[in-house]
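Colleague: Here's a sequence, model it:
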Amino acid sequence: MYRKLEIWRESIDLLKDVYALADKLPKSEEYNLKSQLKRAIVSVPLNIAEGKCRASSKDFSHFLNIAAASMDEVDVVLTICEELGFLQNLADIHEKNKVLTKRINALRRKLSEGNDE
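Modeller: Numbers count the residues shown, from 1 in each chain. The predicted structure follows:
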């Protein structure tokens with residue numbers, strides 16, 4: 001079950017942090033950066049859960065790949081927000097993102113070696 005996966009729980013924690021940051025964006029970014037950021041971060045736990053529920057490790061790995069790509073998307077949107085001066089002091093959130101991305105990729109490698117979790 002996906003709820004037992006530590007990376008899924010970590011992705012929910014990160015989602016909460018990112019949503020709080022997204023809500024600090026200006027109203028003018030409601031349908032641009034804010035919307036994109038929320039869609040990207042929601043994609044992470046959704047893809048982890050969907051992949052875990054699939055029948056094969058290969059399928060699970062595919063969905064983890066999508067989750068990792070969404071993590072990169074979140075990082076880029078946050079960087080854009082910093083560069084535009086909408087958000088500051090995001091080193092901690094970037095670090096959380098980096099650590100979770102590494103964990104997702106480590107599980108993908110484990111699955112590709114045939115060591116199902």
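
Colleague: Tally up the residues packed near K38, please.
Modeller: Using other CB atoms under 10 Å, K38 has 18 other residues around it. C-beta: built from backbone N, CA, C; applies to glycine.

Colleague: What residues does it make contact with?
Modeller: By CB atoms under 8 Å, 6 or more residues apart in numbering, the residues touching K38 are V18, Y19, A22.

Colleague: please redo it, this time with the cut-off set to 7 Å
Modeller: The contact partners of K38, by CB atoms under 7 Å, 6 or more residues apart in numbering, come to Y19, A22.

Colleague: same deal with the one 5 residues further on?
Modeller: With contacts taken as CB under 7 Å, 6+ apart, S43 has the following neighbours: A67, S70.

Colleague: Which of the three states applies to it?
Modeller: With DSSP: H, G, I helix; E, B strand; the rest coil as the basis, S43 sits in helix.

Colleague: what about it, distance to I80?
Modeller: According to CB to CB, to the nearest Å, S43 stands 17 Å off from I80.

Colleague: try K102
Modeller: Using CB to CB, we find K102 at a distance of 22 Å from I80.

Colleague: Same check on P26?
Modeller: As judged by CB to CB, P26 and I80 stand 13 Å apart.

Colleague: Ok, L21 next?
Modeller: 12 Å.

Colleague: higher neighbour count, those two?
Modeller: L21 (19 against 15).

Colleague: The more buried one and L107, how far apart?
Modeller: Taking CB to CB, one finds L21 at 26 Å from L107.

Colleague: do L37 as well
Modeller: For L37, the distance to L107 - CB to CB - is 24 Å.

Colleague: Next: I7.
Modeller: 6 Å.

Colleague: what about N47, how many residues close to it?
Modeller: N47 - counted by other CB under 10 Å - has 23 other residues nearby.

Colleague: In the longest helix along the chain, which residues are buried?
Modeller: The single longest helix within the chain, with elements called by DSSP state H, is helix 57-83. Residues 57, 60-64, 66-71, 73-75, 77-78, 81 are the ones in helix 57-83 that count as buried (16 or more other CB atoms under 10 Å).
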